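*Asks:* Sequence first, then the predicted structure, then my questions.
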Amino acid sequence: MNTVKSFWVGWGSLCVAGGAAYYFAKKSINEDRAARFEADRRRRQMQESLEYSAMNGPTSSSTKSTNGGPARTDSSGSPSQEATLDPAPTRHAPDSEGQRVREKSKYEASEPFRARKGDRFS
């Protein structure tokens, strides 16, 4: 059977062990965060230096034409440019302000939903 003294010794040692575990875990987590932050900072600095060197890099004639041909002018592979070139728009622009107000978007129903009146459970 536990005595009062052994009860308090047990709880005291549990609290001390928990506090020590918290201290060392917090220390380890903070070290990991600092290392991750430093690695991220180094990676961003490297990326910026590469971008800066690419913009202000050498301008010799051999680097101007990497494929030996003219620059690409089509927008294939660029979704932001392809979106503006809609081949088949679904609606025309409204002629007047009244048409613009009454016009529904292509996602709206042409007539609003009307709930049936009465008891739906019978």
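*Replies:* Received, thanks. Numbering: from 1, shown residues only.
*Asks:* What degree of burial does residue 50 show, as a neighbour count?
*Replies:* When neighbours are counted by other Cβ atoms under 10 Å, residue 50 registers 11. Bear in mind the C-beta positions are built from the backbone N, C-alpha and C, glycine included.
*Asks:* Enumerate every residue touching it.
*Replies:* With contact set as Cβ atoms under 8 Å, 6 or more residues apart in numbering, residue 50 has no partners.
*Asks:* Same question for residue 34.
*Replies:* Taking Cβ under 8 Å, 6+ apart, we find residue 34 in contact with no residue.
*Asks:* And the strand or helix carrying it, how far out from the chain middle?
*Replies:* Assigned by DSSP states H and E, residue 34 falls within helix 4-55. Between the centre of helix 4-55 and the centre of its chain there are 25 Å (Cα atoms, centre = their mean, to the nearest Å).
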